[in-house]
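A.B. asks: Build the 3D model from these lines:
(2 chains)
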2 protein chains.
Amino acid sequence: MHELKDLAGVLGLMSWDQETYLPSKAGPARAAQLATLQGLYHQRLVAPEVGDWLERAERVELDAETRAMLKVFRRERDHSVRVPESLVRALAEAQSTGLETWREARTARDFARFAPALQRLLELRREQADAIGHGGERYDALLDHFEPEMTTARLLPVLERLRASLVPLVDALDGALGGPEIFDGRSFDAERQWQFTLELLELLGFDLHAGRQDRSIHPFTGGTHPTDVRLTTRIDPVNPSPALFGTLHEFGHGLYEQGFAAAHHRTPLAAAPSMGLHESQSRLWENLVGRSLPFWEFLYPRLRSSFPEALAGVELEDFHRAINRVRRSPIRVEADEITYNLHIVLRTALEVRLLRDELRVTDLPEAWNSEMERTVGLRPRDDVEGVLQDIHWAHGEFGYFPTYALGNLYAASLMRTAERALPVLWDEVTRGEFGALRAWLGQHIHRHGAWGSAEERVQAVTGHGLTDTDFLAYLRSKYGALSGRALPTDPHR
Amino acid sequence: MHELKDLAGVLGLMSWDQETYLPSKAGPARAAQLATLQGLYHQRLVAPEVGDWLERAERVELDAETRAMLKVFRRERDHSVRVPESLVRALAEAQSTGLETWREARTARDFARFAPALQRLLELRREQADAIGHGGERYDALLDHFEPEMTTARLLPVLERLRASLVPLVDALDGALGGPEIFDGRSFDAERQWQFTLELLELLGFDLHAGRQDRSIHPFTGGTHPTDVRLTTRIDPVNPSPALFGTLHEFGHGLYEQGFAAAHHRTPLAAAPSMGLHESQSRLWENLVGRSLPFWEFLYPRLRSSFPEALAGVELEDFHRAINRVRRSPIRVEADEITYNLHIVLRTALEVRLLRDELRVTDLPEAWNSEMERTVGLRPRDDVEGVLQDIHWAHGEFGYFPTYALGNLYAASLMRTAERALPVLWDEVTRGEFGALRAWLGQHIHRHGAWGSAEERVQAVTGHGLTDTDFLAYLRSKYGALSGRALPTDPHR
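C.D. replies: Residues are numbered from 1 along each chain as shown, chains lettered A, B, ... in the order given. This next block holds a predicted model:
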């Protein structure tokens, strides 16, 4: 397990490097190096003697922690053992073709060019789901990779309720928050933005001796070990939002990674139990803390003194409104905190129908567009603004999207519990202090790593499992205050 | 071979990262990752089936290129197979103790604290030399690791001749080049130095799309592949020499690495045949080009416009003299182009006597000091200025030092041949153009990689093997002009 964790760390370094510092001509060399390392990782993982050790260990009386460790290891190994190498290779090829034709289709603004590759990816994913095993719902096997122990049957009703609750909220709030436009082309010096994000990380409590921040086109959190957690951010010279909220988001991921118990380092437990719980940490800092008024009461004077010209005449309330504006958009990554979830709901519903063969690939663009109209309330102008907007399906990644919404729901439930446990929380935030919240998350979430499922952990901390109650209460309270309006009654209450 | 080369590239990335960007707390995690990767590399290299493949391949009729490839692979594998794992582990431990006690001894300014660890390292290196095999001279087996096919019997007379020739030159030139002191504490802005080195790399013709430059405390050339060559440099804010000559030096190494034939990438031939030939490339650019008057005729106006205050009143000739000043120093890394070699001569002589058991470790400081007096003409004030100055022996690295001198000798011979082949060479340099020299080195040295030994390659290009003739001619001509003096006759001519 140590050896595999070390190899995974090295693969993390290679990926981080590829997104940050790799010279442009070195792409093919790095691809070969990655393939070699991934091959070695796979060989060690599925080696028959490793299977023997695991079986012998599972027959022994062991403490709960070690059993949890073996369970995580067993899950990863079973997935790898069950999927034949020929399928792994076919998938890698199909992903490469998928990515290529997706790019071509975007350039041509024509989904049809991407359709055959997507069809192939779907067929291979169905094959993979059957190889892994499931109880009749193929999507479960794929979902399990990103959100272990979550099922389609448990997930879909939660998302459908969410749709029913959020659509009227968006109707009520779209365009309802006034205030001036701020991010309208005025200049925010890139170097000053960069310095500001580094100071922000320090303020939030990211350990820059056990991690670092660099720049990349697509921000992410990676690294090699809990003492080597690497965040990236993106600077837009006319808009500080990507840098500010990107840093807050990746900080949430990074704090989680730095917080795994030292005793679990180099074991399968030094990981989040699911992508959804990982995302809950990033969303908690990006949205629940990072778009709150108390947070900006502290930080806005600093931001303003960093960008005195651009923010001249922009008051705290203007800024707070600008970063919380609700506005229908066809694009997921540009969506506000409410609409975002509707983008996820519709993607998940389409994924499930595709995997069940209830929806044909050729019918996907039309299904996307009418779902978008029904859910978000607008129709994309073309496929680039519609079904071709995200890279996930070009990689054949099905089952990933819902973890974004799960993260939002878990984040709200955790924050609500933290608020009750820590009466000082918001006073501290108003003073630019985050120690209490950080310690609480560390104790209740981070140090547990992959011990237990995401929902078990949330249940243990909050007293209930997956629910939209806390998220909806948070949204209604926040946007009620921001808009000064009475929001429509929730259809489910 | 592809797989091993990929792994070596990944190990290169990990080492580069350790010296540039690794967070300070991640040291232990990186050590574990390195040990795991090195272990995997070793296992794959010595795997019995690899031995079978190699033997079968060697029995087949093959083209010369493939035979050369197998020869390099065979050498590396034999070294690894012959040295038992217990010895590898003992060496790693002794190196760790060596480094630690060397640091303590330096702090205490007392060699005695380092002596037991050095004794242990010596014993293990003797054991290693016996395991690898030799014809009675253990130093040969160690030398072979850094300078394949070089022998002690071939090397020592060359170095002794060099001593005899250089001592009178240093006597004549020490303090003989006048001109003002420049690097006396005036300020050279660090960021401007950094920008200058990047522009210098571009000017020299380093492909920054197939490589990069970063900063590190100890500059080096590393990377993962000929399309991913990574240089580092060090900036001293009161002296631009480390940055300028460090960049020139590492550029020489880097150009070599970028120049390996594409057909050899991911094979053992994508490497220099020896450290000496690698060093010849760095010294050629650092000294033979980089400390020449034509080079600075072009570059000095640019340097001056980058640092107008610091270089006010400093004329080209002053600068050229300052970077070529001959001055006895007890410290190797501070030595001028002539004295430097005497530092190597004395270290190599001591290493050979230590390996032969002709010199006891406890007698080493006194041997060092009297050799220093005889060769360089001064006595160190203490062991820190003397026998404890270099890190190499703390690692138990014996056989590495002579490659520095070999690099100087090979560089001069290659440059002399290039000058004859390229009448435009110095005209181009005066115009800041290096295309002809770069192409010539690429064709005659770089693209051959590890095909043939270093001396065979030099012989093929220059018509003769290892010699001090060209180096001495170069020094006499350069320093005759610089000092305006008649230099003493060479004792060997």
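A.B. asks: can you pull the alpha-carbon coordinates of the longest helix along chain A into PDB?
C.D. replies: The longest helix of chain A (DSSP state H) is helix A:85-108. Written as PDB, here are the backbone C-alpha positions of helix A:85-108 (Å, rounded to 0.1, in the frame of the first residue of the first chain):
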ATOM      1  CA  GLU A  85      -6.600  -4.800 -20.000                       C
ATOM      2  CA  SER A  86      -8.100  -4.900 -23.500                       C
ATOM      3  CA  LEU A  87     -11.000  -2.700 -22.300                       C
ATOM      4  CA  VAL A  88      -8.600  -0.300 -20.500                       C
ATOM      5  CA  ARG A  89      -6.700   0.100 -23.800                       C
ATOM      6  CA  ALA A  90      -9.900   0.500 -25.800                       C
ATOM      7  CA  LEU A  91     -11.100   3.200 -23.400                       C
ATOM      8  CA  ALA A  92      -7.800   5.100 -23.600                       C
ATOM      9  CA  GLU A  93      -8.000   5.100 -27.400                       C
ATOM     10  CA  ALA A  94     -11.700   6.100 -27.400                       C
ATOM     11  CA  GLN A  95     -10.900   8.900 -24.900                       C
ATOM     12  CA  SER A  96      -8.200  10.200 -27.200                       C
ATOM     13  CA  THR A  97     -10.500  10.100 -30.200                       C
ATOM     14  CA  GLY A  98     -13.300  11.600 -28.100                       C
ATOM     15  CA  LEU A  99     -11.200  14.500 -27.000                       C
ATOM     16  CA  GLU A 100     -10.000  15.100 -30.600                       C
ATOM     17  CA  THR A 101     -13.400  15.000 -32.200                       C
ATOM     18  CA  TRP A 102     -15.000  17.000 -29.400                       C
ATOM     19  CA  ARG A 103     -12.500  19.800 -30.200                       C
ATOM     20  CA  GLU A 104     -13.300  19.500 -33.900                       C
ATOM     21  CA  ALA A 105     -17.000  19.500 -33.300                       C
ATOM     22  CA  ARG A 106     -16.600  22.700 -31.200                       C
ATOM     23  CA  THR A 107     -14.700  24.400 -33.900                       C
ATOM     24  CA  ALA A 108     -17.300  23.400 -36.500                       C
END
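A.B. asks: what's the helix or strand for the residue nearest in space to the middle of chain A?
C.D. replies: The C-alpha lying nearest the average C-alpha coordinate of chain A belongs to A:Glu279 (Cα atoms, centre = their mean; 4.3 Å). Assigned by DSSP states H and E, A:Glu279 falls within helix A:275-283.
A.B. asks: so what's the residue nearest to the centre of chain A up against?
C.D. replies: A:Glu279 is in contact with A:403-404, A:406-408, A:410-411, counting by Cβ atoms under 8 Å, 6 or more residues apart in numbering or on different chains. (Glycine included, C-beta is placed from N, CA and C.)
A.B. asks: Can you flag the buried ones in these?
C.D. replies: A:403-404, A:406-408, A:410-411 (16 or more other Cβ atoms under 10 Å in any protein chain shown).
A.B. asks: Can you show me the strands along chain A?
C.D. replies: A:211-215, A:221-225, A:228-233 (DSSP state E).
A.B. asks: got TSV for these, with mean neighbour count, distance to chain B and mean pLDDT too?
C.D. replies: Shown next, in TSV, are the strands of chain A (neighbours: other Cβ atoms under 10 Å in any protein chain shown; distance: least, Cβ to the nearest Cβ, whole Å; pLDDT from 0 to 100):
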stretch	mean neighbour count	distance to chain B	mean pLDDT
strand A:211-215	20	6	98
strand A:221-225	25	4	97
strand A:228-233	26	4	98
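A.B. asks: Among these, which comes closest to A:Ala129?
C.D. replies: Within the strands of chain A, the stretch nearest A:Ala129 is strand A:221-225; the backing value is 27.4 Å (Cβ to Cβ).
A.B. asks: Send me that closest one as CSV with only the CA atoms.
C.D. replies: Extracted C-alpha coordinates of strand A:221-225, given in CSV (Å, rounded to 0.1, in the frame of the first residue of the first chain):
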residue,chain,number,x,y,z
THR,A,221,-5.7,20.8,-6.6
GLY,A,222,-3.0,18.1,-6.9
GLY,A,223,0.3,17.2,-5.4
THR,A,224,2.1,14.2,-4.1
HIS,A,225,1.4,13.8,-0.4
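A.B. asks: contacts for stretch A:460-472?
C.D. replies: With contact meaning Cβ under 8 Å, 6+ apart, stretch A:460-472 is reached by A:154, A:158, A:161-162, A:165, A:406, A:408-417, A:444-445, A:452, A:455, A:458-459, A:490.
A.B. asks: again, 6 Å this time
C.D. replies: With Cβ atoms under 6 Å, 6 or more residues apart in numbering or on different chains as the test, stretch A:460-472 has contacts from A:158, A:161-162, A:165, A:408-409, A:412-413, A:416-417, A:444, A:455, A:459.
A.B. asks: gap between A:Glu250 and A:Ala243?
C.D. replies: Distance of A:Glu250 to A:Ala243, given as Cβ to Cβ, to the nearest Å: 11 Å.
A.B. asks: Between these two, which is the more surrounded one?
C.D. replies: A:Glu250 (26 against 23; other Cβ atoms under 10 Å in any protein chain shown).
A.B. asks: For the stretch 351-493 of chain A, which residues are neighbours of chain B?
C.D. replies: By Cβ under 6 Å from any Cβ of the partner chain, no part of the stretch 351-493 of chain A sits against chain B.
A.B. asks: if we can go back for a sec, which ones among the contacts of A:Glu279 lie within helices?
C.D. replies: Per DSSP H, the subset of the contacts of A:Glu279 in helices is A:403-404, A:406-408, A:410-411.
A.B. asks: So which of these is the closest to B:Glu147?
C.D. replies: Proximity of those to B:Glu147 (Cβ to Cβ) peaks at A:Thr403, which lies at 55.7 Å.
A.B. asks: avg pLDDT for stretch A:31-40?
C.D. replies: For stretch A:31-40, mean pLDDT rounds to 93.
A.B. asks: Tell me the gap between that stretch and the middle of its chain.
C.D. replies: The chain centre lies 26 Å from the centre of stretch A:31-40; the measure is Cα atoms, centre = their mean, to the nearest Å.
A.B. asks: Equivalent analysis for stretch A:309-327, please.
C.D. replies: 26 Å.
A.B. asks: Extract the CA atoms of it and return them as PDB.
C.D. replies: Taking C-alpha atoms only, stretch A:309-327 is exported to PDB below (Å, rounded to 0.1, in the frame of the first residue of the first chain):
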ATOM      1  CA  GLU A 309      -8.400  52.600  -9.300                       C
ATOM      2  CA  ALA A 310     -10.600  49.700 -10.400                       C
ATOM      3  CA  LEU A 311     -12.700  49.700  -7.200                       C
ATOM      4  CA  ALA A 312     -13.000  53.400  -6.800                       C
ATOM      5  CA  GLY A 313     -16.600  54.200  -5.900                       C
ATOM      6  CA  VAL A 314     -17.500  50.500  -5.500                       C
ATOM      7  CA  GLU A 315     -18.800  50.000  -2.000                       C
ATOM      8  CA  LEU A 316     -18.800  46.700   0.000                       C
ATOM      9  CA  GLU A 317     -22.500  46.100  -0.700                       C
ATOM     10  CA  ASP A 318     -22.000  46.700  -4.500                       C
ATOM     11  CA  PHE A 319     -19.200  44.200  -4.500                       C
ATOM     12  CA  HIS A 320     -21.100  41.600  -2.400                       C
ATOM     13  CA  ARG A 321     -24.100  41.900  -4.800                       C
ATOM     14  CA  ALA A 322     -21.900  41.600  -7.900                       C
ATOM     15  CA  ILE A 323     -20.300  38.300  -6.700                       C
ATOM     16  CA  ASN A 324     -23.800  36.900  -5.800                       C
ATOM     17  CA  ARG A 325     -25.800  38.000  -8.800                       C
ATOM     18  CA  VAL A 326     -28.300  35.400 -10.100                       C
ATOM     19  CA  ARG A 327     -28.500  35.400 -13.800                       C
END
